[in-house]
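[1] With the input below, show me the fold.
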Amino acid sequence: MTDILSLEQKPAHVLRNHNFRLLWIGEGISLLGDQFYLIALPWLVLSLTGNPLAVGTVLAMAGIPRALFMLVGGALTDRFTPRKLMINSNLARMILTGLLAALVMANLIQLWMLYVSALLFGFVDAFFFPAQTSIVPKLLDKNQLQAGNALIHGTAQLSLFVGPLAAGAAISQLDRGAHSTTGIALSFALDSLSFVASIAALSLMRIHNGDTGAAKAPGGVLGSIRAGLSYVWHDPTLRIVFPITMGLNILINGPFAVGIPVISRTRFPEGAAAFGLIMSLFGGGALTGTLLAGVLPKLSKKWLGTVSLSVISLMGVGLAVIGLSSTMYVAAVSALVMGIANGYANINLITWLQQKVAPEMTGRVMSLVMFAAIGLNPISTALAGALIGLNLTVLLVCAGLLMTAFTLSAAFSPAVRAGME
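    Below is the predicted model of the structure:
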């Protein structure tokens, strides 16, 4: 019996699942395309304005509807199934990125268009993210979740390693002129095409039973959201995890998202190539961390919170070092360490949540996870954009050290150990 369970938990065995294999292929291609978008967008804003605050506000614009509608997305995921929401969300994002590519290629793009696009993108993301994090438990048995998550997140981190490097190189090589945006337009176009692959893969899934939503809660969508909030509030473990996640969000996401393109453009002579390398090594580190989570002994519930938060504290150290770095290479190595910490902790915590949460509540709880993880991004990115204009080094160092102090104090608190039992 033990040998059978061990075999079922291996990645190769998980890929024999037809539906999961389609998910892995489609999302892998889409995630690679997303990296081109994530490099091209801030670079385009800087090319149009030269203003770091504009980068922060554009990123924040996407975060506002994402935060406001994330819980609605979770409730709808439980009602209409993750697959259906993912297909429709990818269709909308395909149209948005295709339109951006056309506008940039025709030299018609203006800053206000990027604000509108970011707003719409964030709205669609609010429905996609809860569905994406909820679909794996619908396709795999509980004993296969660790392997399935390792494959999905490992592929995501591989795309985070390859995509930014390729996007940075393409933009650097194709956009040599002062007003050239060919590389940026190509990056948006590739992202648009990647959504086609994801839509096709999701559509080809053969789900004969279980592709219907959960029973509707009294009170409609708002009633479903209230039920999800009540579920989390009455679970001591989840009640501890969510505030910690929200606290980490504002100290790392905004400074990193806004700070890396700015420091690459203003401090490192390599410019876009430096931006791509730093982001790629972060992705490579996250891939390494994901693999480590798969091969190292599984953490007991008693030590899960302490070890994971201690590892996450290394992201704060890395961010502070980036703020002090004078060369691209020091910043890139620091990003590598940050990625390892992120990948390792992420796999352990996500798998634990998927195994713990009742199936009919998965969408709503995962939407709360996403809200805690990225819901404060509008505030974080806008604040980072404003503070970076005052002093880039001070922002990155202070945010990093605060994050380290916060996570270490939480990691060794009795509440965290008790909360994971």
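
[2] For Leu229, grab the count of nearby residues.
    When neighbours are defined as other Cβ atoms under 10 Å, Leu229 has 14 of them. (C-beta placed from N, C-alpha, C; glycine too.)

[3] measure it to Val307 for me?
    28 Å (Cβ to Cβ, to the nearest Å).

[4] CA-only coordinates of the helix or strand containing Asp191, as CSV, when you get a sec.
    Per DSSP states H and E: Asp191 is located in helix 182-203. Extracted C-alpha coordinates of helix 182-203, given in CSV (Å, rounded to 0.1, in the frame of the first residue of the first chain):
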residue,chain,number,x,y,z
THR,A,182,8.7,47.1,-31.4
GLY,A,183,9.9,44.8,-28.7
ILE,A,184,7.2,46.0,-26.3
ALA,A,185,4.5,45.4,-28.9
LEU,A,186,5.9,41.9,-29.6
SER,A,187,5.8,41.1,-25.9
PHE,A,188,2.1,42.0,-25.6
ALA,A,189,1.3,40.0,-28.8
LEU,A,190,3.0,36.9,-27.5
ASP,A,191,1.1,37.1,-24.2
SER,A,192,-2.2,37.4,-26.2
LEU,A,193,-1.4,34.3,-28.2
SER,A,194,-0.5,32.4,-25.0
PHE,A,195,-4.0,32.8,-23.8
VAL,A,196,-5.3,30.9,-26.8
ALA,A,197,-3.3,27.8,-25.7
SER,A,198,-4.8,28.0,-22.2
ILE,A,199,-8.4,28.4,-23.5
ALA,A,200,-7.9,25.4,-25.9
ALA,A,201,-6.5,23.2,-23.1
LEU,A,202,-9.3,24.0,-20.7
SER,A,203,-11.9,23.4,-23.3
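
[5] what comes up buried for that helix?
    For helix 182-203, a neighbour-count test (16 or more other Cβ atoms under 10 Å) marks 182-192, 194-199, 201-202 as buried.

[6] and if you look at stretch 142-160?
    144-160.

[7] go on, stretch 378-396?
    For stretch 378-396, the neighbour count (16+ other Cβ under 10 Å) marks 378-385, 387-388, 392-393, 395-396 as buried.

[8] Secondary structure and pLDDT added to the residues you listed, as CSV?
    CSV is the format used below for the buried residues of stretch 378-396 (DSSP: H, G, I helix; E, B strand; the rest coil; pLDDT from 0 to 100):
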residue, secondary structure, pLDDT
Pro378, helix, 72
Ile379, helix, 76
Ser380, helix, 79
Thr381, helix, 76
Ala382, helix, 77
Leu383, helix, 82
Ala384, helix, 85
Gly385, helix, 83
Leu387, helix, 85
Ile388, helix, 83
Leu392, helix, 88
Thr393, helix, 91
Leu395, helix, 90
Leu396, helix, 93
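
[9] which two in these are spaced the farthest apart?
    Pro378 and Thr393 (24.1 Å; Cβ to Cβ).

[10] And the strands in the stretch 51-200 of the chain, which stretches?
    Here the stretch 51-200 of the chain has no strands by DSSP state E, counting those that start in this stretch.

[11] how about the helices in it?
    Taking DSSP state H, counting those that start in this stretch, the helices of the stretch 51-200 of the chain run over residues 52-80, 82-105, 111-139, 145-174, 182-203.

[12] any chance of those helices in TSV, plus mean pLDDT?
    Compiled in TSV, the helices of the stretch 51-200 of the chain are given as follows (pLDDT from 0 to 100):
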stretch	mean pLDDT
helix 52-80	84
helix 82-105	94
helix 111-139	90
helix 145-174	82
helix 182-203	93
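
[13] I'd like those helices written out as a markdown table, with distance to Ala410 added.
    Formatted as a markdown table, these follow (distance: least, Cβ to Cβ, whole Å):
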| stretch | distance to Ala410 |
| --- | --- |
| helix 52-80 | 23 |
| helix 82-105 | 31 |
| helix 111-139 | 23 |
| helix 145-174 | 23 |
| helix 182-203 | 36 |
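
[14] Check which residues of the helix or strand containing Gly28 are buried.
    Using DSSP H and E, Gly28 falls within helix 18-49. Neighbour counts using 16+ other Cβ under 10 Å place 19-48 of helix 18-49 among the buried residues.

[15] Stretch 55-72 now?
    Quick answer for stretch 55-72 (16+ other Cβ under 10 Å): 55-67, 69-72.

[16] Could you point out the helix or strand that follows the host helix or strand of Gly316?
    Gly316 belongs to helix 301-324 when assigned by DSSP H and E. Downstream of helix 301-324, the first helix or strand assigned by DSSP H and E is helix 328-356.

[17] Does the helix or strand following that next one pack against any helices or strands, and if so which?
    Counting by DSSP H and E, the element after helix 328-356 in chain order, helix or strand, is helix 362-374. Packed against helix 362-374 by the contact rule (3 or more Cβ pairs under 8 Å, 6 or more residues apart in numbering; DSSP states H and E) you find helix 52-80, helix 111-139, helix 220-233, helix 236-266, helix 328-356.

[18] Would you agree Ala166 is in contact with Phe36?
    Yes: with contact defined as Cβ atoms under 8 Å, Ala166 reaches Phe36; the gap is 7.4 Å.

[19] what pLDDT does Met1 get?
    Predicted confidence (pLDDT) for Met1: 41.

[20] for Leu7, that is, sorry about that
    So, for Leu7, pLDDT stands at 47.

[21] Excluding sequence neighbours, find me the nearest residue to Gly318.
    Met338 (3.8 Å; Cβ to Cβ, 6 or more residues apart in numbering).

[22] is it true that that neighbour touches Met315?
    Yes: if you go by Cβ under 8 Å, Met338 and Met315 touch, sitting 4.6 Å apart.

[23] contacting residues for the residue nearest to Gly318?
    Counting by Cβ atoms under 8 Å, 6 or more residues apart in numbering, Met338 touches Phe256, Phe282, Gly285, Leu314, Met315, Gly318, Leu319.

[24] want to throw the residues you listed into JSON lines with neighbour count?
    Converted to JSON lines, the contacts of Met338 look like this (neighbours: other Cβ atoms under 10 Å):
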{"residue": "Phe256", "neighbour count": "24"}
{"residue": "Phe282", "neighbour count": "28"}
{"residue": "Gly285", "neighbour count": "27"}
{"residue": "Leu314", "neighbour count": "20"}
{"residue": "Met315", "neighbour count": "27"}
{"residue": "Gly318", "neighbour count": "29"}
{"residue": "Leu319", "neighbour count": "28"}
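
[25] Let me know the closest of those to Pro243.
    After measuring the contacts of Met338 against Pro243 - Cβ to Cβ - the closest member comes out as Met315, at 17.9 Å.
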